[in-house]
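Asks: Sequence and predicted structure, then a few things I'm wondering about:
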Amino acid sequence: MSYDAPIEELGETHLLPEGTTRNEITETIAGVTENPAPRGWWLLFLLSVSVLGVMGAALAYLFIQGVGVWGNNAPVYWAWDITNFVWWIGIGHAGTLISAILFLFRQKWRTSINRFAEAMTVFAVLCAGLFPAIHTGRPWFDYYLFPIPNQMDMWPNFKSPLMWDVFAVSTYLTISVIFWYVGLIPDFATLRDRSKNLTRKRVYGFFALGWRGAHRHWQHYERAYLIFAGISTPLVLSVHSVVSFDFATSVVPGWHTTIFPPYFVAGAVFSGFALVMTLMLICRSIFKLHNIVTIKHLDLMNKFMLGVALLVGYAYAMEFFIAWYSSNPYEQWVFFHNRLGWGQLDSKGNWGPLWWAYYAMVFCNVIVPQIFWFKRARTSVPIMLIASVLINIGMWFERFVIIVTSTYQDFLPSSWGMFHPTLIDILTYLGTFGLFFTLFLLFVRWIPMIAIAEVKGNLPGAHPDLHALEAHDEEPDTGAVPVPAE
Amino acid sequence: MQIFPRELNYLPLALALVAGGLGAGVFTLFWVYFTPPNLQVGYTPKQPVDYSHRLHAGELGLDCRYCHSQVERSAKAMVPPTQTCMGCHAVVRTESEKLAPVRESWDTDESIPWIRVHQLPDHAFFNHSAHLRAGVGCASCHGRVDQMEVVGVVEPIAMQWCLECHRNPEPHIRPKSEVTNMKWEADEAWVAQRAMIADVLNPPEHCSGCHR
């Protein structure tokens, strides 16, 4: 028996329904880009473009007026801007995790969701990159972030984690785009070969880089894919670790925490998986992909999220333990008063005004995912849709809690303050959804959203030891037929 | 069937060349044209009065401080008021055509609208007195004003240029008695001595040295 054949004694089944043919897979996935867009796509697209317009307006207003239009002010210098940055970049972690780490671990179920997650990664990183660029207030000086020789002899401060961020995020974006594109080449060739008109043929042909599906092509492709997976894997861990250094290297109570790097990485993977889940469920139903993204895939993702939820919950608990164990009154104030809302340390017995954000975070990130202990919940689409949305809300609150509740009351009571978001704060944040979904919907429409070639590798007939298994009769693969003469 | 003509095989090469050329071009454009050595050096605005530094500071040998009187005491060197001009010109060349705007200013009590030549950005705080006290001569930044008919910018007033001297002030310092001497040049004895002075000078290189 093959090592990756399902172990029937454990109730395992094939990833794809028995009898799925290669042609069926090609038709389903390539069909999305070839058939007219369903009405749902148009509705979502118009909505996204409108929201993108809102973002444009909010940014224009911000650039004209300056960052004063946001609610950030002393002592909360970072607020929604950096919350959104960390949130989006966190979401961008699922793609690489699914593509690279799960690839190295030979988790074949990744093939149905990896393309999707990679695209999401790229778009999320773009949304994330926007915030550090605009939060400086003078975005036309953003080139200061890069080590460009200049007449001011100004050089980035390489001792600053903010500088590391620039390199971490730009490296991540570059590698994610390349990795995504390399995986797309065989599928672009499929689309090229199926194209009916010359323009389409040429456009996809351009991106397919002359792919003919030759043996040597595949050999190079597999090797390149493995190398990129190897390069990307440390990035999954490093990017959000570096983001966490933005906080952890400071001396602000609530930020100055050694657990931050793994805690942030776990949170990033968590939110990334949750958003993949949300989007996957929507696309699956709009484009009728039930045969390719099966309940089994979703079940596995839910198990993964449950695991990460436990990690995140552990990190939350450990932060409190350290706050208590450190006996540091400032640390304790941030955790017990600012976050938990516990009036123990306040002479007036007041609850911290932002306690609700902390409880929202714990509810969404730790309590809600516990439902995935039950198989019925793991296989129920409505439950997982609600849970995944709640997890993303919770993860946003996690970053908000870290950033705002740590700073609004820290060392000197005389400098205490409060943060209130403004309308522009809210519109800017919501606007990035417009950017994200506009890009995402264009992706879904024009690029095969599921890795056609890789999914086929999971069909029973694709195993090298085909004859050891009870193989089904294969139909000829129409996905790679030669171009018909015109 | 081929969907692309054969010539397109050269497309990647052509794209690489165009991208490389464009990048180099933009870089050169910025480096050569949009930088202070090009944008600032040579700026010689026409002043409302046809005043000659060459004549006054050079031939007649007036000390800089005769007109820029606060340079040792304040951040700004001060543009002299009309009264300073009239101190001499009430009796010297009283009928000169060139001095008409000065006399007009004297009569009407309106300042002469001199045009600023050396402009620093508002966020850079430069102090003349501190530099004179450290022994930096006028000529180090303003050049040989005693040879200029009309004063213009001779050095790029860029942060890089400031920092060059702040990092290595030694070649630019002179005895404090000679700061306004346009013709002064370091002799061997001074060269031997100034290293020790520069050692303790320690000009600021941190941001808040100039940006407060």
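Replies: Ah, there it is.
Asks: What parts of chain B come near chain A?
Replies: B:1, B:3, B:4, B:35, B:36, B:37, B:156, B:158, B:159, B:160, B:163 (CB under 8 Å from any CB of the partner chain). For glycine as for every other residue, the C-beta is placed from the backbone atoms N, C-alpha and C.
Asks: what about 6 Å?
Replies: Residues of chain B lying close to chain A (CB under 6 Å from any CB of the partner chain) are B:1, B:3, B:35, B:36, B:158, B:159, B:160, B:163.
Asks: and the residue in chain B positioned nearest to chain A, how many neighbours does it have?
Replies: Residue nearest to chain A within chain B (CB to the nearest CB): residue B:159, separated by 3.8 Å. Applying other CB atoms under 10 Å in any protein chain shown, we find 19 residues neighbouring residue B:159.
Asks: I'd say it and residue A:152 touch.
Replies: Yes: here residue B:159 reaches residue A:152: they are 3.8 Å apart, a contact under CB atoms under 6 Å.
Asks: how about the residue of chain B closest to chain A, what does it touch?
Replies: By CB atoms under 6 Å, 6 or more residues apart in numbering or on different chains, the residues touching residue B:159 are A:152, A:153.
Asks: Just give the nearest non-adjacent residue to residue 168, would you?
Replies: The chain I'm using is chain A. For residue A:168, ignoring the flanking residues on the chain, the nearest one in space by CB to CB, 6 or more residues apart in numbering or on different chains is residue A:242 at 4.0 Å.
Asks: meant chain B actually
Replies: Distances taken as CB to CB, 6+ apart place residue B:198 nearest to residue B:168, at 8.0 Å, with adjacent residues excluded.
Asks: picking up where we left off before, can you tell me how far the residue nearest to residue A:168 is from residue A:80?
Replies: As judged by CB to CB, to the nearest Å, residue A:242 and residue A:80 stand 21 Å apart.
Asks: And the two? Which one has more around it.
Replies: residue A:80 (27 against 24).
Asks: How about residue A:95: what's its closest non-neighbour residue?
Replies: Residue A:95 sits nearest to residue A:121 (CB to CB, 6+ apart), 2.7 Å away.
Asks: Could you check the pLDDT of that neighbour?
Replies: Looking at residue A:121, its pLDDT reads 92.
Asks: returning to what we had before: show me what whatever helix or strand the residue nearest to residue B:168 lives in packs onto, helices and strands only.
Replies: Residue B:198 belongs to helix B:188-201 when assigned by DSSP states H and E. Here helix B:188-201 touches no other helix or strand, going by 3 or more CB pairs under 6 Å, 6 or more residues apart in numbering or on different chains; DSSP states H and E.
Asks: contacting residues around the helix or strand just after that helix?
Replies: Sequence-wise, the next helix or strand downstream of helix B:188-201 (DSSP H and E) is helix B:207-210. With CB under 6 Å, 6+ apart as the test, helix B:207-210 has contacts from B:124, B:125.
Asks: neighbours of the closest residue to chain B within the stretch 1-150 of chain A, just the number please.
Replies: When distances are taken as CB to the nearest CB, the stretch 1-150 of chain A reaches nearest to chain B at residue A:150, 7.6 Å away. Neighbours of residue A:150 under the rule other CB under 10 Å: 16.
Asks: next one: phi and psi at residue B:173?
Replies: The phi and psi values for residue B:173, taken as degrees, to the nearest 10, are phi -100, psi 150.
Asks: Tell me who's in contact with it.
Replies: Contacts for residue B:173 were tallied using CB under 6 Å, 6+ apart; they are B:135, B:194.
Asks: same thing but 7 Å
Replies: Contacts for residue B:173 were tallied using CB atoms under 7 Å, 6 or more residues apart in numbering or on different chains; they are B:134, B:135, B:136, B:194, B:197, B:198, B:201.
Asks: check contacts around residue B:154.
Replies: Counting by CB under 7 Å, 6+ apart, residue B:154 makes contact with B:41, B:142, B:143.
Asks: what does residue B:86 give?
Replies: Going by CB under 7 Å, 6+ apart, residue B:86 touches B:102, B:106.
Asks: Run through who's touching stretch A:128-144.
Replies: Outside stretch A:128-144, the residues within contact range by CB under 7 Å, 6+ apart are A:59, A:62-63, A:66-67, A:81-82, A:84-85, A:88-89, A:92, A:154, A:169, A:173, A:432.
Asks: Which helix in chain B has the most residues?
Replies: helix B:11-33 (DSSP state H).
Asks: Contacts for stretch A:90-97, please.
Replies: Stretch A:90-97 is contacted from outside by A:117-118, A:120-121, A:124-125, A:128, A:176, A:232, A:235-236, A:240, A:267-269, A:271-273, A:275-276, A:395, using CB under 7 Å, 6+ apart.
Asks: picking that back up, could you double-check that the residue nearest to residue A:168 sits in contact with residue A:166?
Replies: No: with contact defined as CB atoms under 7 Å, residue A:242 does not reach residue A:166; the gap is 9.5 Å.
Asks: on that earlier part again, just send the contacts of residue B:173 back as CSV, with pLDDT and neighbour count too.
Replies: Converted to CSV, the contacts of residue B:173 look like this (pLDDT from 0 to 100; neighbours: other CB atoms under 10 Å in any protein chain shown):
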residue, pLDDT, neighbour count
B:134, 92, 17
B:135, 93, 20
B:136, 94, 21
B:194, 90, 20
B:197, 89, 17
B:198, 88, 18
B:201, 89, 15
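Asks: Count the residues that sit near the spatially closest residue to residue A:145 that is not a sequence neighbour.
Replies: Closest residue to residue A:145 apart from its sequence neighbours, by CB to CB, 6+ apart: residue A:166 at 4.9 Å. Each residue near residue A:166 was counted by other CB under 10 Å, and the total is 18.
Asks: same question, residue B:39
Replies: A count of nearby residues for residue B:39, using other CB under 10 Å, gives 15.
Asks: Residue B:6 too?
Replies: Using other CB under 10 Å, residue B:6 has 7 neighbouring residues.
Asks: Tell me the spacing between it and residue A:195.
Replies: Taken as CB to CB, the span from residue B:6 to residue A:195 is 20 Å.
Asks: Domains in chain B, by residue range?
Replies: As assigned by automatic domain parsing, chain B contains the domains B:11-39, B:53-62+B:72-78+B:115-210, B:80-113.
Asks: Which of those domains has the highest mean neighbour count?
Replies: The highest mean neighbour count among the domains of chain B, using mean count of other CB atoms under 10 Å in any protein chain shown, belongs to domain B:53-62+B:72-78+B:115-210: a mean of 15.
Asks: who in the stretch 201-350 of chain A is up against chain B?
Replies: By CB under 7 Å from any CB of the partner chain, the residues of the stretch 201-350 of chain A that approach chain B are A:201, A:202, A:205.
Asks: what's the helix or strand for the residue nearest to residue A:168?
Replies: Following DSSP H and E, one finds residue A:242 within helix A:215-248.
Asks: and that helix, which residues are buried?
Replies: Using 16 or more other CB atoms under 10 Å in any protein chain shown as the burial criterion, the residues of helix A:215-248 that qualify are A:217, A:221, A:225, A:228-229, A:232-233, A:235-248.
Asks: Quick check: what element follows that helix along the chain?
Replies: Where DSSP H and E defines the elements, the next helix or strand beyond helix A:215-248 is helix A:260-286.
Asks: between whatever helix or strand comes next after that following helix and helix A:260-286, how big is the angle?
Replies: Once the chain leaves helix A:260-286, the next helix or strand it forms, by DSSP H and E, is helix A:295-326. For helix A:295-326 against helix A:260-286, the angle by axes from the mean of the first three to the mean of the last three CA atoms, to 10 degrees is 150 degrees.
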